[in-house]
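> Structural data only, the sequence is not supplied:
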């Protein structure tokens, strides 16, 4: 089968033979109707978008020759190593010497070789961080990963937190502030950005600093990096608190309805989202005859019992107003 050659139309100029500079912009056009050529990677064809003539077929498939059904299977079959990650100071591009004192066949190595391997690990660790900035990143990103694991935050939140911390380092926002507070604030901001909020009190329980420095660092990062983070929706806290309190699906549904009613009447304005979510679950368990105590709910929501009582009354009043209407 003879393949029709693809012509190129230049809209920016011709090649400069003296300087060997290619054209700035090149478009592939159809030789039949001057339409635009599109490349179908799935079928290995190049065809005209307008008239449909096939200009090239049986293109080389540069994808893997195996099938995989989950991310773990893909990683095991891949021949190119682990993907890049923002949770490592070098983005995972450097080599790592394993901690096991075994050879390629899995046999234990001798004591002399073991000492030599340990020296290699030491020098490898030293060369992976070449300056103070990389040492700072390594410590902070390790803290972010540790805290995210303790709070069971998803992978995208961890990666976003790593990006935010790198931006803070590049814009020199760290002098005068502790690594721990800035790392925790980056993770807190990432969790709020991606719809997986946790209370500051929860972050303080897994961080090495108190709640007040975290709050200050968060406000500083938000202002300096220009982060546009909307106020947290109290409904987003419901699944987390419901799982902690082990309430029924019916109680969780009622709590959501109470919060939606309160939001429709602007009762949530200026209130703590976690306090509203805790109060909604407290009210829902009483309406469904599960009857949790204020102390139990306040411990799960990390708010005071006074907050639970006050928000509980406001939610019931909002529900009553809607019923009368």
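Yep, that arrived. Bear in mind that the values here come from a model prediction, so they are computed numbers and not experimental data.

> domain parsing for this structure?
1-78, 132-225, 234-324 (automatic domain parsing).

> With respect to residue 119, which of the ones you listed lies nearest?
Distance to residue 119, taken as CB to CB, is lowest for domain 132-225 among these, at 20.5 Å. Bear in mind the C-beta positions are built from the backbone N, C-alpha and C, glycine included.

> and that closest one, average pLDDT?
Mean pLDDT, domain 132-225: 91.

> same check, this time on stretch 97-111
Per-residue scores along stretch 97-111 average to 79.

> Can you tell me the centre-most residue of the chain?
residue 156 (1.9 Å; CA atoms, centre = their mean).

> Just say helix, strand or coil for it.
Of the three states, residue 156 takes helix under DSSP: H, G, I helix; E, B strand; the rest coil.

> Run a quick check on it versus residue 194, I expect a contact.
Yes. Taking CB atoms under 8 Å as the definition, residue 156 is a contact partner of residue 194 at 5.9 Å.

> now the residue nearest to the centre of the chain: how far from residue 315?
Distance, residue 156 to residue 315, by CB to CB, to the nearest Å: 32 Å.

> what does residue 219 give?
29 Å.

> Comparing the two, which residue is more hemmed in?
residue 315 (23 against 11; other CB atoms under 10 Å).

> Can you give me every residue that contacts that one?
258, 259, 261, 262, 267, 276, 279, 280, 283 (CB atoms under 8 Å, 6 or more residues apart in numbering).

> Can you tell me the element it falls in?
helix 305-324 (DSSP states H and E).

> from the chain's centre, how far out does that helix sit?
35 Å (CA atoms, centre = their mean, to the nearest Å).

> any idea of the mean pLDDT in it?
Here the average pLDDT along helix 305-324 is 87.

> and what of stretch 247-260?
Mean predicted confidence for stretch 247-260 is 92.

> ok, now stretch 54-67?
Average pLDDT, stretch 54-67: 67.
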